[in-house]
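In: show me the folded form of this:
(chains A and B)
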Number of protein chains: 2
Amino acid sequence: MTDTSTKLSEFEIISQYFVNQTPTNPAIYLGSGDDCALMKVPNDQVVAITTDTLIAGVHFPENTSPEDIGYKALAVNLSDLAAMGATPIGFTAALTLVDVDPQWLTAFSQGMMTLAKQYNIQLIGGDLTRSSIMSITITAHGFVSESQALYRHGAKPGDVIFVTGELGAAGLALRNQESYRPQPRIAAGLALRGLANSAIDVSDGLLQDLQHILVASKVGAAVNIDSLPLAAKLSQALPKAQAINLAANAGDDYELVFTVAPNKINALQQAMQNCGCKYTQIGEITPNPGLCLLDHQQQPYDLVLKGYDHFR
Amino acid sequence: MTDTSTKLSEFEIISQYFVNQTPTNPAIYLGSGDDCALMKVPNDQVVAITTDTLIAGVHFPENTSPEDIGYKALAVNLSDLAAMGATPIGFTAALTLVDVDPQWLTAFSQGMMTLAKQYNIQLIGGDLTRSSIMSITITAHGFVSESQALYRHGAKPGDVIFVTGELGAAGLALRNQESYRPQPRIAAGLALRGLANSAIDVSDGLLQDLQHILVASKVGAAVNIDSLPLAAKLSQALPKAQAINLAANAGDDYELVFTVAPNKINALQQAMQNCGCKYTQIGEITPNPGLCLLDHQQQPYDLVLKGYDHFR
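Out: Next comes the predicted model:
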């Protein structure tokens, strides 16, 4: 199959726009350019692996800037590493393009590599293909010791539930067709190792993601809906009920929701202060399954539980 | 975004058709279902990582059976592990579907898991998204010791060049719109550890892939074009020159091309016999860069070098 719209080969594109731009990580024994990359893992660590696909028009508006697309494609994967308490090491990027536009590729790569450099995560391989719809699949790898990893299944009754940062900024940006760059909570994830009993990142919406913890841990939760840390812009832009709804259900915030035993709250405060990460108490884990929403007077709060599911 | 064409959620689909069907590998400390999978790597091994995307209408005809699509998506990635001499351990599968058809999913999963079970490689994560064009991106992980891994850059002048199996069967099948299931050469890859100076798998076409070895190793090669092991069907179906052209340039055979020092040819014979893998001597590595094609009378053979490149 031949395409004459450009003179750049697949190999030249990968080399020029991606491999030459990547930071290098000392754990990568062999980077891209062979049939496989090779990664050397410290004896006391395991490899955390996650994969996520972004599709134009589904996961970001078609008119999103290439910088933001490149940034987000890596950020959503780094967020999963953060939720596991893992240190980022290397990632593969499978890129499906509609056409080859050097200006677009330069900006896309810049967005992606800005974030890669920030966390020193090396591009270790990829694939470049063509289709009529753009998509990016990244698989990210990190290191964590299995005894310190943050799991969804470790929440215990009595645990206090927290969330990092603020909620709803991503949902508002989408609504207003504004640019939004989530900051993966890598530092917070590392700080929570040995402290949090469970953790997950908010990709599909706070309540939907919290429910993954509840199901995996076979527990329930009482969440005080008035305590959600609404993004400042959100409170200004929308009536309170709508703002809360967006903060509770909109996806793409990529904050961490996590639970901590009451006797570790002081240690948590110190750890989160050290990494400069804001966090907010939003509820408590309960023995009985189910998610109970309360207002500040401890009365039931009626909020339609509706997250984001591609196939529902 | 809501879709009402099916009542199966993303989670239910992944669970029912994929996670429940995967074999388990003892190196996988945590499989799919959390933010990341966790993989435990033996002290003396490194992780080999590769990723490949297949797009409907590009990498397989639209009317390809779902079993064959599922099989091929994993096979092309296993082939890269084979070319590195790595033992398959775990893979992620990012699946972009046009719609959710239980019959299709069952068959697709069956094709993929048949191969996964054969090599005991565990599905450790994935992503399920929708688009108007189907595509599958798999990232596969294997183990190999870095001192025994098969690289592209190790070919030395005087090395004998070999290829496993037969060539051109995939190209002929594509031409005839027939089903074709390449067998990844995992056993051969393992057998070649410590024996081959270089190796690559034939995904884009024998000559194009061999040239990757030549460039990486800064050497040349003389290939005897009459010695190429043509698939039996190919010799029957086409005039000799066309058959040779297809065998030399068609992609998707997923055989291994590798080079071995002359003093290891006997050991090679024993190793390949042990794993039951046919292999054929096709040429020799030369000091001067460039690929020289000869016929059986050692005369230059004129063959247009034309591999497969999505962006050329």
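
In: any idea which helix or strand carries the most centrally placed residue in chain A?
Out: Geometric centre of chain A, nearest residue: A:S79, 2.7 Å, by CA atoms, centre = their mean. A:S79 is part of helix A:66-84 when elements are defined by DSSP states H and E.

In: next structured bit after that helix?
Out: strand A:87-97.

In: what pairs with that next one, parallel or antiparallel?
Out: Under the criterion DSSP bridges, strand A:87-97 sits next to strand A:122-130 (parallel), strand A:135-144 (antiparallel) in its sheet.

In: mean neighbour count, these: which tops it?
Out: Among these, strand A:135-144 has the highest mean neighbour count (mean count of other CB atoms under 10 Å in any protein chain shown), at a mean of 28. Just so you know, the C-beta spots here come from the backbone N, C-alpha and C atoms, and that holds for glycine as well.

In: packing partners for the helix holding A:S79?
Out: strand A:46-55, strand A:87-97, helix A:102-119, strand A:135-144, helix A:186-191, strand A:196-201 (3 or more CB pairs under 8 Å, 6 or more residues apart in numbering or on different chains; DSSP states H and E).

In: what angle do the second one and helix A:102-119 make?
Out: Regarding strand A:87-97 and helix A:102-119, their directions subtend 170 degrees when assessed with axes from the mean of the first three to the mean of the last three CA atoms, to 10 degrees.

In: average pLDDT for strand A:87-97?
Out: Mean pLDDT, strand A:87-97: 97.

In: can you check the last one too?
Out: Taken as a whole, strand A:196-201 carries a mean pLDDT of 98.

In: export the helix or strand just after that strand as PDB, just CAs?
Out: Following strand A:196-201 in sequence order, the next helix or strand is helix A:206-217 (DSSP H and E). Taking Å, rounded to 0.1, in the frame of the first residue of the first chain, the C-alpha atoms of helix A:206-217 are listed here in PDB:
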ATOM      1  CA  LEU A 206     -15.800  10.700  41.100                       C
ATOM      2  CA  LEU A 207     -18.800   8.600  42.200                       C
ATOM      3  CA  GLN A 208     -18.500   6.000  39.500                       C
ATOM      4  CA  ASP A 209     -14.800   5.600  40.200                       C
ATOM      5  CA  LEU A 210     -15.400   5.500  44.000                       C
ATOM      6  CA  GLN A 211     -17.800   2.700  43.400                       C
ATOM      7  CA  HIS A 212     -15.100   0.600  41.800                       C
ATOM      8  CA  ILE A 213     -13.300   0.800  45.200                       C
ATOM      9  CA  LEU A 214     -16.500  -0.100  47.000                       C
ATOM     10  CA  VAL A 215     -17.200  -3.100  44.800                       C
ATOM     11  CA  ALA A 216     -13.500  -4.300  44.900                       C
ATOM     12  CA  SER A 217     -13.300  -3.800  48.700                       C
END
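
In: mind giving me the packing neighbours of helix A:206-217?
Out: strand A:196-201, strand A:220-224, helix A:240-249, strand A:256-260, strand A:290-294.

In: circling back to that earlier point, the strands paired with strand A:87-97: lowest mean pLDDT?
Out: Looking at those, the bottom one is strand A:122-130 with a mean of 94.

In: put the alpha carbons of it into PDB.
Out: This file holds the C-alpha atoms of strand A:122-130, laid out as PDB (Å, rounded to 0.1, in the frame of the first residue of the first chain):
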ATOM      1  CA  GLN A 122      10.900   7.300  28.200                       C
ATOM      2  CA  LEU A 123       9.100   6.600  24.900                       C
ATOM      3  CA  ILE A 124      10.200   3.000  24.300                       C
ATOM      4  CA  GLY A 125       8.300   2.000  21.200                       C
ATOM      5  CA  GLY A 126       5.300   2.600  19.100                       C
ATOM      6  CA  ASP A 127       3.400   2.000  15.900                       C
ATOM      7  CA  LEU A 128       2.300   4.500  13.300                       C
ATOM      8  CA  THR A 129      -0.700   3.700  11.100                       C
ATOM      9  CA  ARG A 130      -3.300   5.500   9.000                       C
END
